[in-house]
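>>> Build me a model from this:
(chains A and B)
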Amino acid sequence: MATNEQSESEAGYVAGWATSRLSRRELLERTALLGLALPSAAALLAACGESASAPAAATPSKGTTGSLTIWGWKASLDALKLVDGDFQAAYPNISFSYVARPPADTYRNIQLAIAAGSGAPDVSVVEDSHVSQYVQLGALADITDWVKPYVSKIVPYKWTWIQKSGRYYAMPWDPGPVAVFYRRDVFQKAGVDPASIQTWEDFYQAARTIKERTGSLMWQQSKARNDGRLLETLLWQQGTGYIDAKGNVILDKDPKVQQTLEFIGRFWKDGLAADQEPWTDPWYKAQADAGTATVVEAVWMGTFFKSFIAPKSTGDWGVFRLPVWKSGGSRASNDGGSVLAVFDQSKQKEAAWAYVQFHMGRDQSQLDIYQKTDIFPSLKPTFQAPFFQEPDPYFGGEKVRSMFADIAGQIPSAGIYSKDYQQMSELMTAEIQKYALGQQSAQQALSSAAQLIREKTHRS
Amino acid sequence: MLNGLRHRIGRLPSEASAARPGHALLAANPPLARWRGAIRRHRWPLLFVSPFFVLFAIFNVYPILFSFWLSLHDWPGLGPMEMVGLANYAELEHDSIFWNSMLNSALIFFIYVPVMTFLAIVLASVLNAGFLKLQGLWRALIFMPNITSMVAAGYTFRLILDKDSGALNHALAILHMSAIPWLDDVWWARISLGLLMIWAWLGYNTVIMLAGLQTIPKELVEAAKVDGATAVQAFHRITVPLLRPVIVFSVTLSIIGTFSMFTEPYILTRGGPIRATQTPVIQIFSTTFTDLRFGYAAAQSYIYLAIIVAITLIQFRIVSRSDPVR
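Predicted structure coming up:
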């Protein structure tokens, strides 16, 4: 007996040692991922919506029971929690718990759970940039019958990545309508009227004027640590991207891509761009200090300004629509955005849908979230709320909400996000860096990126 | 292996009674009987070391075997695995990004390991010297970075090395030297990574060298000094040659460490710029989690393993041939 105890404690000791090693390593990785997650953390802030008056068939009964696990990152889960009180009142028999991890870490865990065949959450927040991978893999539940009534109520481009063979696999949350955030004080000092910036060429000329008269640079674009996001945003505006509608790589075929990359390159060549790694403290600081005059980003960037980049700068910032590439061209683009997905592994899909529908598909839920977090809805009926017509004091009393609603409705379809987006973006980014550092031309950058992408993703 | 081991050990406590009926059978098979006899004699020690082997089997042996099987398949992480034979290995042959990551590791190795090894020998000699006071304190301080969280250290280095706001470039500015793009240039990024590696691993290697130094009889150096050798000569002609096997051991560990780097570049440079600090392990990680090509990543792991084993074997061959002690 004594011997048994001894051997057990011996085993326990060794096992404990192994476990603590594992968890330390896991911890290291998680913390590491937190760093990597910062760029996508930027994308986490948009919101979305669904309509309150869905047909009865799409609404689970009040008596639905379940105990749900919901994954996401802090900002998104904090937003969802705003609706939890109402949800509990409506569905008293559904309990739920949240697991908050940085986005990149959430995705690693999802992938491991998928590969292991168990351990996936019932519901998770997933960015538009990642959801296609899971849809194509077959990891998400087919929720077509539930989601159908919402198809016409949500800004159309949001459905692009969550469909497969006419079936739907997730519920849209927030879109990422892009505009130009600018420093009013810098523009004023330079004597540049933002309304006069109609084309990107105007934008470039304004950059020269602003630098001459104020010393501020127009935007921050890292050379060696460029993340490719601005290029993607500007390509999206023109309805182009990595691939065409058939999935073929067009980086080296569509002349617009090269023109756009060279346009960004002019800012480097002429010293009009600050070279700071995005989503880092120096990057935020340059914005807060008016070191750079503009930030071309999606609506959720406003939350960053208000919450931590420049919380005291009320009235210093303004927003204008993207300049056009040619007259009559699109002034809308997208960056980021997310969905709520129900996982195929979930054994409580009805309860999961009740949660998703209540949080995403109910006008009031979406309004509550948007009013408190700036996570923008994609549920069109919410755009009619008076809140959208009210001025936003942070942006000097401009009616930016209705402007973003308008942009969200006009986002063109473009070949940026797809099941291979992460891979394509990684391959492109290295070539942009090489171009930015002057080691190759834009044309070379695009042809090597295109070649690598074709090789790695087996596209033509 | 796991089942076999558990089975045998599971029977041990009751073996005295249970094994007897089969005695005749066992006698007919002498090697097995001897094997069983040995197990019975050593049952308690075996039981006590078994947790390691059980865990090793679950967390090492099984994944190693499974990875090989996986490397013969195409698998996106869900659904059926498609057997593709050696296609993943064939594809790997032409994968410039993977071979580039191997090359990166080799370059980074040559950037920091010679410097680190030299510093480790010097530091170990100083620590080993009789005149040094507070030896325990110095040894602890030198080893400290190795037990510091690499994530914390990596972020700290990022801040220090930032080309605009980093402390290092501020210091250079005070000295009227021009700023260095520590993390924004292909070569400087590799050097910066080397600096981080030296910081983190110098203490570890110093301890290895110190252990080696302590095995060298002091009389040898003293005798050389009596014969008129200076301290530098004695160090160069006596200590270093005798330390050679230990140096080779430390360099071998550094080779493996450099090719297996993950956390350091992942935090400091994220593999950039232009993939200049992307190591094989980062590449394998990204093949798995970004590209969702589990089979291809397993093939990469196997080739990577084969290369490390080959380098290590060559290294040991060289040292065993030229070991002056022999």
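>>> any idea how the chain splits into domains?
I'll assume chain A. For chain A, automatic domain parsing gives the domain ranges A:45-175+A:336-384, A:178-333+A:414-457.
>>> nope, chain B
According to automatic domain parsing, the domains of chain B span B:2-59, B:91-322.
>>> Can I get the ones you listed in JSON lines including mean pLDDT and mean neighbour count?
In this view, the C-beta of every residue, glycine as well, is placed from N, C-alpha and C. Output for the domains of chain B, formatted as JSON lines (pLDDT from 0 to 100; neighbours: other C-beta atoms under 10 Å in any protein chain shown):
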{"stretch": "domain B:2-59", "mean pLDDT": "67", "mean neighbour count": "13"}
{"stretch": "domain B:91-322", "mean pLDDT": "91", "mean neighbour count": "17"}
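>>> need the residues of chain B near chain A, please.
Applying C-beta under 8 Å from any C-beta of the partner chain, we find that chain B lies next to chain A at B:44, B:47-48, B:50-52, B:55, B:59, B:76-79, B:97, B:149-151, B:154-155, B:162, B:164-165, B:181, B:183-185, B:189, B:263, B:266-267, B:270, B:272-275, B:286, B:289-292, B:294.
>>> right, and A:G318 touches A:Y182 too?
Yes - A:G318 lies in contact with A:Y182 (C-beta atoms under 8 Å); the separation is 5.5 Å.
>>> Which residues are in contact with each of those two?
Any residue near both A:G318 and A:Y182 by C-beta atoms under 8 Å, 6 or more residues apart in numbering or on different chains counts here, and that gives A:P194.
>>> follow-up on the earlier one: quickly compare the domains of chain A and say which is most buried.
domain A:45-175+A:336-384 (a mean of 21; mean count of other C-beta atoms under 10 Å in any protein chain shown).
>>> Can that domain be said to contact chain B?
Yes - Domain A:45-175+A:336-384 is in contact with chain B by C-beta under 8 Å from any C-beta, via A:Y107, A:R108, A:Q111, A:I114, A:A115, A:Q133, A:L137, A:G138, A:A139.
>>> Now go through those residues and say which are in strands.
Among the residues of domain A:45-175+A:336-384 next to chain B, DSSP state E puts none in strands.
>>> biggest separation within these, which pair?
A:R108 and A:G138 (18.9 Å; C-beta to C-beta).
>>> give the contact list for B:R190.
B:N104, B:L107, B:I108, B:I111, B:A276, B:T277.
>>> same thing but 6 Å
Neighbour list for B:R190: B:L107, B:I108, B:I111, B:A276, B:T277 [criterion: C-beta atoms under 6 Å, 6 or more residues apart in numbering or on different chains].
>>> Show me how far stretch A:103-111 is from its chain's centre.
Mean-position distance between stretch A:103-111 and its chain equals 15 Å (C-alpha atoms, centre = their mean, to the nearest Å).
>>> Does the residue of the stretch 151-300 of chain A found nearest chain B fall in a helix, a strand, or a coil region?
Among the residues of the stretch 151-300 of chain A, A:A224 lies closest to chain B, at 3.6 Å counting by C-beta to the nearest C-beta. Secondary structure assignment for A:A224 (DSSP: H, G, I helix; E, B strand; the rest coil): coil.
>>> That one and A:K434, how far apart?
As judged by C-beta to C-beta, to the nearest Å, A:A224 and A:K434 stand 9 Å apart.
>>> Output the domains of chain B in a markdown table; the columns should cover distance to A:G176.
Shown next, in a markdown table, are the domains of chain B (distance: least, C-beta to C-beta, whole Å):
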| stretch | distance to A:G176 |
| --- | --- |
| domain B:2-59 | 41 |
| domain B:91-322 | 21 |
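>>> of all those, which lies closest to A:Y284?
Of all these, it is domain B:91-322 that lies closest to A:Y284, at 11.7 Å by C-beta to C-beta.
>>> which SSE is the most centrally placed residue in chain B in?
Nearest to the mean C-alpha position of chain B, by C-alpha atoms, centre = their mean, lies B:G257 at 3.7 Å. Element membership of B:G257, judged by DSSP states H and E, is helix B:240-259.
>>> That helix: what's the following helix or strand?
Later in the chain than helix B:240-259, the nearest helix or strand by DSSP H and E is helix B:263-268.
>>> where exactly do the strands run in the chain?
Going with chain A. Taking DSSP E as the criterion, chain A carries its strands at A:66-72, A:94-100, A:123-127, A:163-164, A:167-168, A:171-172, A:178-183, A:219-220, A:273-274, A:294-298, A:317-320, A:338-342.
>>> oops, chain B please
Under DSSP E, chain B gives strands at B:73-74, B:82-83.
>>> Throw those strands into CSV and include mean neighbour count, distance to B:A211 and mean pLDDT, thanks.
Formatted as CSV, the strands of chain B follow (neighbours: other C-beta atoms under 10 Å in any protein chain shown; distance: least, C-beta to C-beta, whole Å; pLDDT from 0 to 100):
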stretch, mean neighbour count, distance to B:A211, mean pLDDT
strand B:73-74, 18, 45, 93
strand B:82-83, 12, 49, 91
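>>> want to try CSV for the ones you listed, with distance to B:D227 as columns?
Output for the strands of chain B, formatted as CSV (distance: least, C-beta to C-beta, whole Å):
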stretch, distance to B:D227
strand B:73-74, 67
strand B:82-83, 70
